[in-house]
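J.: Below are the sequence and a predicted model for it; my questions follow.
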Amino acid sequence: MLQTEEALLANEIAHLERLRAKTHKEIFQVKRNNHGEKLGGIWSAISKKKKPRDPIYRLKIPNSNSPQYERSMK
């Protein structure tokens with residue numbers, strides 16, 4: 001029972017990863033065709049490495065008696 005569910009989930013994950021890769025490829029082709037042979041834009045972005053980003057989930061509110069945190073910017 002558990003093995004069949006695991007196999008089904010693994011199959012679904014593999015399918016979704018293939019679908020995501022195909023969508024990403026199609027988006028890239030559209031951007032490339034739209035941008036053409038102009039300098040900059042998509043051609044410059046291809047070779048750049050993406051910098052890792054650390055998300056900030058909450059910020060501490062300064063000058064508060066007990067520690068209070070803000071989750072969204074207003």
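T.: Arrived safely. Keep in mind it's a predicted model, so treat the numbers as computed, not measured.

J.: what separates the helix or strand where Ile27 lies from the chain centre, distance-wise?
T.: Here Ile27 is covered by helix 2-35, with elements defined by DSSP states H and E. Average the C-alpha atoms of helix 2-35, do the same for its chain, and the two points are 13 Å apart (C-alpha atoms, centre = their mean, to the nearest Å).

J.: Who are the packing partners of it?
T.: Identification of packing neighbours for helix 2-35 by 3 or more C-beta pairs under 8 Å, 6 or more residues apart in numbering; DSSP states H and E yields helix 42-47. Using the backbone N, CA and C atoms, a C-beta is placed for each residue, glycine as well.

J.: mean confidence for the helix it packs on?
T.: Helix 42-47 comes out with an average pLDDT of 71.

J.: Skipping adjacent residues, who's closest to Ile61 in space?
T.: The spatially closest residue to Ile61, leaving aside those adjacent along the chain, is Gln68, at 4.5 Å (C-beta to C-beta, 6 or more residues apart in numbering).

J.: Run through the protein and note the low-pLDDT ranges.
T.: Counting by pLDDT under 70, the ranges of the chain that qualify are 36-43, 73-74.

J.: The same query, at a cut-off of 80, please.
T.: Residues of the chain meeting the criterion pLDDT under 80: 31-48, 50, 55-57, 69-74.

J.: Ala14 versus Ala21, what's the distance?
T.: Going from Ala21 to Ala14 by C-beta to C-beta, to the nearest Å gives 11 Å.

J.: Please apply the same query to Lys22.
T.: In this structure, Lys22 lies at 13 Å from Ala14, with C-beta to C-beta as the measure.

J.: again, but for Leu2
T.: As judged by C-beta to C-beta, Leu2 and Ala14 stand 19 Å apart.

J.: who's more crowded, these two?
T.: Ala14 (10 against 6; other C-beta atoms under 10 Å).

J.: Quickly note the distance from the more buried one to Leu8.
T.: From Ala14 across to Leu8, the span is 11 Å (C-beta to C-beta).

J.: swap in Glu26?
T.: Counting by C-beta to C-beta, the gap from Glu26 to Leu8 is 27 Å.
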